[in-house]
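S.K.: Got a sequence here, can you build the structure:
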Amino acid sequence: MSIKGDHGRKAEQLARKLLEAQQLTFIDSNYHCRFGEIDLIMLDQNTLVFVEVRYRKNQQFGGAIESITHSKQNKLRLTASHYLQKKNSHKNARFDVVLLSSLSDNSQINWIKSAFE
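M.R.: Next up is the predicted model:
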């Protein structure tokens with residue numbers, strides 16, 4: 001399940017801002033199909049980057065990274081595969097995760113490249 005509402009939009013905006021500052025190019029957001037949803041799709045040179053954005057303001061129910069279960073990873077893989085087929089794209093692809101601990105511009109942000117490998 002993706003982040004919803006104002007908090008979700010703000011988290012995705014902060015993640016996009018961070019990734020663009022690292023020279024990634026924005027392609028799409030909130031791509032969804034019957035398998036699931038991908039929060040952000042970015043381009044890092046010749047690699048499509050499917051980004052899962054997670055925000056947790058506290059660790060009471062587990063951290064943001066723990067919320068990305070194997071089931072969630074499989075849904076993201078299927079959704080990414082659907083996207084690649086639909087766009088007839090033969091680019092390399094990877095899955096990154098952006099974790100946020102707050103929604104302020106000076107939020108602690110943890111960017112994990114190739115998070116599912």
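
S.K.: which residue ranges form the helices in the chain?
M.R.: Along the chain, the stretches classed as helices by DSSP state H are 5-21, 70-86.

S.K.: Quick one: closest of those helices to Arg54.
M.R.: helix 5-21 (7.7 Å; C-beta to C-beta). In this view, the C-beta of every residue, glycine as well, is placed from N, C-alpha and C.

S.K.: which residues touch the closest one?
M.R.: With C-beta atoms under 8 Å, 6 or more residues apart in numbering as the test, helix 5-21 has contacts from 2-3, 26, 29-30, 39-40, 42, 49, 51, 53-55, 98, 100, 103, 105, 107, 109, 111.

S.K.: and if we set it to 6 Å?
M.R.: Helix 5-21 is contacted by residues 3, 39-40, 42, 53, 55, 98, 100, 103, 109 when judged by C-beta atoms under 6 Å, 6 or more residues apart in numbering.

S.K.: got it, and stretch 41-54?
M.R.: 11-12, 15, 19, 24-25, 27-28, 31, 38-40, 64, 80, 91-99.

S.K.: Would you indicate which residues of it are buried?
M.R.: For stretch 41-54, the neighbour count (16 or more other C-beta atoms under 10 Å) marks 41-42, 44, 48-54 as buried.

S.K.: what about that stretch, start to end distance?
M.R.: Terminal residues of stretch 41-54 lie 15 Å apart, using C-alpha to C-alpha, to the nearest Å.

S.K.: Show me what counts as buried in stretch 75-88.
M.R.: Burial within stretch 75-88, assessed by neighbour count using 16+ other C-beta under 10 Å, is assigned to 75-77, 79-80, 82-83.
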